[in-house]
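K.L.:
predicted model and sequence follow; I will ask about them next.
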Amino acid sequence: MSLDIIIVNYQTPGDLERCLNSLVEFPPTVDHQVVVVNNDPLPLDHDVATLYVEGRPNWVMVPLDNEGYANACNFVAGSSSTDVLAFFNADVEFTYNVLDACHDALLANDRWGILGPRQVNRSGEITHAGIFGTHDHPQLRGWKRRTSDYQDVRDDAISVSGSAYFVKRKCWDELAHCPTYQASIPPEAPKALGAFLPTPHYYEETWCSYHAWAHRWKVVYWGLHTMVHEWHTASPVGGAADRLMPKSREMFRHACRQHGIPHD
């Protein structure tokens, strides 16, 4: 297998159906498998996933207790050996050639470790155009602007959005097995089974991007292809997930301090 497409859903069956339908419409041509992770699924989440998985031998559904996005991604990534891992929220929709293009770009550049495509919501507003600036003063670019701009490619990103996050396997394994990283995980946190920091919610992929930089991997914004990402549909702004941010942020800052990585 060359590409793992890992879609993590938390009780948003409508989003999941749109996501999987778009994947059926715009599948990659490279050898791939699709893993639909249903965190603490409702019956309808299960029904939607089953509808798409049945009859497709390279598609599987994995139901999990809700242990967070990071742990779901780490768990699935640890059970495969594909060249590229691609992690997605369920509130994304795929577009023509985006999977092949991002996969091919990562493999064509030796020091490109992480890559994220341009993203807009269904109203055409930017929901990801790269995160630049410095590690201790990161800057979102273009947030919620309705524009056709940001169709560039830059390999100086600080991070890219975890809603559509491509990682080269070689990079993922190097980061996951970093002894400094593993030693930075607090005893009360879940064991770090992969390169995503096992936070309750948020900062998991930000850490992965910062950590990649410390290991001299490039983090790339890929604006040549655009995906749909609605943003924040699994939990309302200010809801339960947002209330976990302070704890996640402290875990992130602690991991950065242990590794000597600048942070905000």
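P.N.:
Nice, thanks for sending it over. Note that the structure is a prediction, hence the values are computed from the model and not measured. Residues are numbered from 1 along each chain as shown.

K.L.:
ok, now how distant is Leu140 from Gln182?
P.N.:
For Leu140, the distance to Gln182 (C-beta to C-beta, to the nearest Å) stands at 30 Å. The C-beta positions use only the backbone N, C-alpha and C, and glycine is treated the same way.

K.L.:
can you pull up the bridge partners for Leu140?
P.N.:
Ile131 (DSSP bridges).

K.L.:
correct me, but it touches Ile131?
P.N.:
Yes - using C-beta atoms under 8 Å, Leu140 is in contact with Ile131, at 5.8 Å.

K.L.:
more neighbours: which of the two?
P.N.:
Legend: neighbour count by other C-beta atoms under 10 Å for Leu140 and Ile131, higher for Ile131 (20 against 16).

K.L.:
if I pick that one, what's in contact with it?
P.N.:
Ile131 makes contact with 138-141, 157-161, according to C-beta atoms under 8 Å, 6 or more residues apart in numbering.

K.L.:
go on, Tyr221?
P.N.:
Residues in contact with Tyr221, defined by C-beta under 8 Å, 6+ apart, are 115-116, 118, 129-130, 132, 152-155, 157, 160.

K.L.:
buried ones among those residues?
P.N.:
Buried members of the contacts of Tyr221, scored by 16 or more other C-beta atoms under 10 Å, are 115-116, 118, 129-130, 154, 157, 160.

K.L.:
would you turn those into a markdown table with secondary structure, pLDDT and distance to Asp15?
P.N.:
A markdown table is the format used below for the buried ones among the contacts of Tyr221 (DSSP: H, G, I helix; E, B strand; the rest coil; pLDDT from 0 to 100; distance: C-beta to C-beta, whole Å):
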| residue | secondary structure | pLDDT | distance to Asp15 |
| --- | --- | --- | --- |
| Leu115 | strand | 98 | 23 |
| Gly116 | strand | 98 | 19 |
| Arg118 | strand | 98 | 19 |
| Ala129 | coil | 98 | 22 |
| Gly130 | coil | 98 | 24 |
| Arg154 | strand | 98 | 29 |
| Ala157 | coil | 98 | 26 |
| Val160 | coil | 98 | 20 |
